[in-house]
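have a look; sequence and predicted model below, questions after that.
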Amino acid sequence: MKKCGLVTGMILLSIRFCWSQVIFEKPLSPRNANYRIEVTLDVEKKQIQGHEILMWRNISEDNVHELQFHLYMNAFKNNQSTYFRERGGRTGVLGKKKAWGWIDVTSISVAGSDLTDALEFIHPDDDNEDDQTVMRIPLSESIPPGQEIQVEVDFITQLPYVFERNGYYKDFFFVAQWFPKVGVYIDSAWNCHQYHAVTEFFADYGVYEVNITIPREYIVGATGLLQNTTELGLNKIHHFRAEDVHDFAWTAWPQYRTFKETYHGIDITVLYDEDHSSSVRRYVGAVKNGLDFFSEWVGAYPYPNVTVVDPPTNCMAVGGMEYPTLITVGSYWKIPIGIKIPEMVTVHEFGHNYWYGIVGNNEFEEAWLDEGITSYSEARIMNKYYGEETSMLDFMGIRMGELAYHHSSYIRVIRKDRILRNAWTYIGGGYGACSYSKPALMLWTLENIIGRDSMDRIMRTFFQRWKFKHPHSQDFIDIVNEVAGEDYNWYFDQVLKGSNELDYQVASVWTGKERTPKGIFERNDEKVVLPGASMKQKTDKDNYRSVIKVYRKGEVIIPVDVLMVFENGDRVRQVWDGKERWIKYELVKPAKLVFAQVDPDRKLVLDSNFSNNSRTIKSRRGPVARLCTKFLFWFETTLHLFSFFG
């Protein structure tokens, strides 16, 4: 900080003045965690020297006796951190290059009192003594409700070799989760979890004023808007400001190419590797589609800009991630237009600016509220702008939509785990499917049950009611019940909070000529002998009896339609409540049954096996259909393995 000299000091003074004038002017959020950060990047050491001033206001009704901070970068400090333990000790490139990352707090004061010696590391999730991703500062005096305090921190951050959302590669830098970040005091306790192998983040809203000092040849992008740049010898100071956000990330690289466009008053900037130039227009188009869709669907985008970062090919580890007003994507040289990966990743990460950025979900504990709702939103957008059957792939005669993609992920973990649980506790790789695909299909199924208009009102109500706040899952469920006008707890109890399988099957179908009565029958208290039909009798008015058996193979119970189609074109549709294990339909019609189908409109996209949903009387294509189904599953699974979005 001393290197910045008088010029930097004058800038900081001006920041303090403008902040005091603007910070409470029509705030969108509580703004209870506001940061002024001054950093200098040493491009040779790959190290950041930082000074942070945090203004934190107690918006709870409790007296707060301590502060807790995330020190996320310490996850990459050694192979005994909780992050690497959960990865089985596999450190990958960090271990090979011995390019660890870490963050040291060299001094901290609260309300003018030096509390550096009181700093202690805690590990609230697993008691791992080697994990230093959360620190605690006990206070000599408690902070009463409504009171604001000032915390000053000096810190050094060592960036790791590019790895897991951040780091450096030669002269490329992506800097995320890099500064001491205060936790969230909520529900009468600090919510400040350790950095886990699969979890993302949770923080309060505020205003960020950040000065980044870096050699002048570097092109810098960051959360918020660039206010100005100041020459300082061989360096430049880039001054960024972001309002009503809960995080700040930035990137720097001398070789960035820049594309800019303004759309409906929103500045769109793409920072990209020149080798990826063929994807730039695709990114911009996807951002525009996202802006249009979300603004009409749930509410206006409240920020003045969006920055899209496409890192160099060797730095794809930072691709596919979201930060307020700044998203990272990922591309390769000339991806064919029919492979929609650039669009899909852009739409997904932009969607996070709504469900992670504006609606501040707790991604540690209820990741589906962010990832799942974002994946559902992504599917809606991709289907609308790129086609329901081609929203992911339309290449060399092969087509695939978003729902097929999510289904291929979902079916591998149906019974392994439930959606609603702490993100770091999923078993055996279940985080991805249970946070992304399963909740996306859960929401899509709900939409099919209650109708798109009702679902749209639910999503808009949820966004408007909880923007710049921290909702829980029950808050979403309450809005569903409110807008739909009936209790859907039965649905969420099974699908959100349970791990059972939904699978309806047409087990068997039979049709045959109805036998004419033959024998002795009681008619009006008299015995009557019916001789049956003559062999010479015409059969143009013969009736046929059809028997259809439908099974509920899984444990999830959702009402379902059953369709029966006959040779003369008649169609019979019944609604089965699904409560029993099976149901049998017997119908006598003047035509033979052709086929029966459960869930003919495919409303229940959570059904684990669509191939058993229908059965025909005469099936000549069964073996071929089964082979095609197996091939599609293999192909979808292969694509899923190559997905990399966050």
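Sure, I can see it. Not measured: the values here are computed from a predicted model.

could you dump stretch 459-467 to PDB, C-alpha only?
The C-alpha coordinates for stretch 459-467 follow below in PDB (Å, rounded to 0.1, in the frame of the first residue of the first chain):
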ATOM      1  CA  MET A 459     -41.100 -17.300 -10.000                       C
ATOM      2  CA  ARG A 460     -41.900 -13.600 -10.200                       C
ATOM      3  CA  THR A 461     -43.300 -13.400  -6.700                       C
ATOM      4  CA  PHE A 462     -40.300 -15.300  -5.300                       C
ATOM      5  CA  PHE A 463     -37.900 -12.900  -7.100                       C
ATOM      6  CA  GLN A 464     -39.700  -9.700  -6.100                       C
ATOM      7  CA  ARG A 465     -40.300 -10.700  -2.500                       C
ATOM      8  CA  TRP A 466     -36.800 -12.000  -1.800                       C
ATOM      9  CA  LYS A 467     -34.500  -9.900  -3.900                       C
END
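
contacting residues for residue 342?
279, 282-283, 286, 329, 331, 335 (C-beta atoms under 8 Å, 6 or more residues apart in numbering). Quick note: C-beta positions are derived from backbone N, CA and C, even for glycine.

so which of those residues is the most crowded?
residue 329 (32 neighbours; other C-beta atoms under 10 Å).

what's the per-residue pLDDT of that one here?
Model confidence at residue 329, expressed as pLDDT, equals 95.

in this structure, which helix or strand is least confident?
Within the chain, no helix or strand scores below helix 5-22, which has a mean of 37 by mean pLDDT, DSSP states H and E.

immediately after it, which helix or strand?
The element immediately downstream of helix 5-22 (helix or strand, assigned by DSSP states H and E) is strand 33-42.

hang on, the earlier thing: out of the contacts of residue 342, which is nearest to residue 523?
residue 286 (73.8 Å; C-beta to C-beta).

give me the three-state assignment for the closest one.
What DSSP: H, G, I helix; E, B strand; the rest coil gives for residue 286 is helix.

show the pLDDT at the closest residue to it other than its chain neighbours.
Closest residue to residue 286 apart from its sequence neighbours, by C-beta to C-beta, 6 or more residues apart in numbering: residue 346 at 3.7 Å. Looking at residue 346, its pLDDT is 97.

distance of the residue of the chain most remote from its centre from residue 367?
Here the centre of the chain is the reference, and by C-alpha atoms, centre = their mean the most remote residue is residue 526, at 72.7 Å. Separation of residue 526 from residue 367 (C-beta to C-beta, to the nearest Å): 74 Å.

ditto for residue 567
Going from residue 567 to residue 367 by C-beta to C-beta gives 51 Å.

what's the neighbour count on residue 188?
Residue 188 has 9 nearby residues by other C-beta under 10 Å.

continuing past the strand or helix carrying the residue nearest to residue 286, what's the next helix or strand?
Element membership for residue 346 (DSSP H and E) is helix 341-352. The first helix or strand that comes after helix 341-352 along the chain, using DSSP H and E, is helix 371-386.

how far off helix 341-352 does that next one point, in degrees?
In terms of direction (axes from the mean of the first three to the mean of the last three C-alpha atoms, to 10 degrees), helix 371-386 departs from helix 341-352 by 130 degrees.

list the contacts of residue 97.
residue 161.

from residue 317, how far out is it?
To residue 317, residue 97 is 13 Å away according to C-beta to C-beta.

same question, residue 553
41 Å.

assess the claim that residue 591 and residue 564 are in contact.
No. Residue 591 lies out of contact with residue 564 (C-beta atoms under 8 Å); the separation is 11.0 Å.

looking at those two, which one has more neighbours?
Ranked by neighbour count (other C-beta under 10 Å), residue 591 and residue 564 place residue 564 first, with 23 against 16.

quick revisit: same drill for residue 553 and residue 317, tell me which one is more crowded.
Neighbour comparison, residue 553 and residue 317: the larger count goes to residue 317, with 23 against 16 (by other C-beta under 10 Å).

what about that one, which SS state?
Classified using three-state DSSP, residue 317 is helix.

got it, and residue 457?
Counting by three-state DSSP, the backbone at residue 457 sits in helix.

the residue nearest to it when sequence neighbours are not counted: what's it in contact with?
Once flanking residues are discounted, residue 457 sits nearest to residue 483: 4.9 Å by C-beta to C-beta, 6+ apart. By C-beta under 8 Å, 6+ apart, the contact list for residue 483 reads 454, 457-458, 461.

how does it look with 6 Å?
Listed by C-beta atoms under 6 Å, 6 or more residues apart in numbering, the contact set of residue 483 reads 457-458, 461.

top of those by neighbour count?
residue 458 (23 neighbours).

residues in contact with that one?
For residue 458, counting by C-beta under 6 Å, 6+ apart, the contacting residues are 479-480, 483.

in helices only, show me the residues you listed.
Assigned to helices by DSSP state H, the following of these qualify: 479-480, 483.

between the residues you listed, which sits nearest residue 290?
Of all the ones in helices among the contacts of residue 458, residue 479 has the smallest distance to residue 290: 22.6 Å, by C-beta to C-beta.

show me where the stretch 401-550 of the chain has strands.
Counting by DSSP state E, counting those that start in this stretch, the stretch 401-550 of the chain has strands at residues 504-513, 518-523, 526-531, 544-552.

phi, psi of residue 250?
When read as degrees, to the nearest 10, the backbone of residue 250 gives phi -150, psi 160.
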